[in-house]
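1. need coordinates for the following:
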Amino acid sequence: MAHTLFVNLPVADLDRSKKFFTELGFSFFGMTDDMASVIISERTQVMLLARPTFATYAKTEVADPNTTTQVILVIGLDNPAEVDEFVDKALAAGASAVGEPITAGGRYQRGFADPDGHQWSALCLVNPAG
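-> Take a look at the predicted model:
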């Protein structure tokens, strides 16, 4: 049975976040004044919630993504060129680079932090021999 995954992220400035994800080429579903749903794929969406709205759903204090890491969101792509294109687009749209590219273990992966500090990676599985 296939399920849909909704990942919820608190954001400080919803308009800035919508602009950032639009510049990465994503579209949205279900935008309101305090939340917007970024369509990652047919069965995956990232819900951007204004921090006060996010806090109403959270059981504990909302973490500051600039000082703690609770999750790393990974976008799977088809090849290293797509990884580079995606991360370069994110950096041009206001993200900051995180770490060095990883080329070991049959993968190519690069990381970045979005304007709110949430950590993301772009990943493709490659042939370990080449």
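
2. and the gap between residue 122 and residue 95?
-> According to C-beta to C-beta, to the nearest Å, residue 122 and residue 95 sit 11 Å apart. Quick note: C-beta positions are derived from backbone N, CA and C, even for glycine.

3. identify the contacts common to those two.
-> Common neighbours of residue 122 and residue 95 (criterion: C-beta atoms under 8 Å, 6 or more residues apart in numbering): residue 87.

4. skip ahead from the longest helix seen in the chain and say which helix or strand is next.
-> With secondary structure taken from DSSP state H, the chain has its longest helix at helix 80-92. Tracing the chain past helix 80-92, the next element assigned as helix or strand by DSSP states H and E is strand 96-102.

5. and that following strand, what's buried?
-> Residues residue 98 are the ones in strand 96-102 that count as buried (16 or more other C-beta atoms under 10 Å).

6. tell me the secondary structure at residue 69.
-> coil (DSSP: H, G, I helix; E, B strand; the rest coil).

7. for it, list the residues it contacts.
-> residue 119.

8. distance check, it against residue 90.
-> For residue 69, the distance to residue 90 - C-beta to C-beta - is 17 Å.

9. surely residue 28 touches residue 39?
-> Yes: contact criterion C-beta atoms under 8 Å: residue 28 and residue 39 qualify, at 6.6 Å.

10. quick check: neighbours shared by those two?
-> By C-beta under 8 Å, 6+ apart, no residue touches both residue 28 and residue 39.

11. domain-wise, how is the protein divided?
-> As given by automatic domain parsing, the domain ranges for the chain are 1-60, 63-130.

12. from what I can see, residue 111 looks like it's in a strand, true?
-> Yes: using three-state DSSP, the assignment for residue 111 is a strand.

13. for it, what are its contacts?
-> 72, 87, 97-99, 119-122.

14. leaving out sequence neighbours, find the closest residue to residue 53.
-> Computed as C-beta to C-beta, 6 or more residues apart in numbering, the closest residue to residue 53 that is not its neighbour in sequence is residue 34, at 4.3 Å.

15. okay, now the one you found: neighbour count?
-> 15 (other C-beta atoms under 10 Å).

16. ok, residue 60 next?
-> 6.
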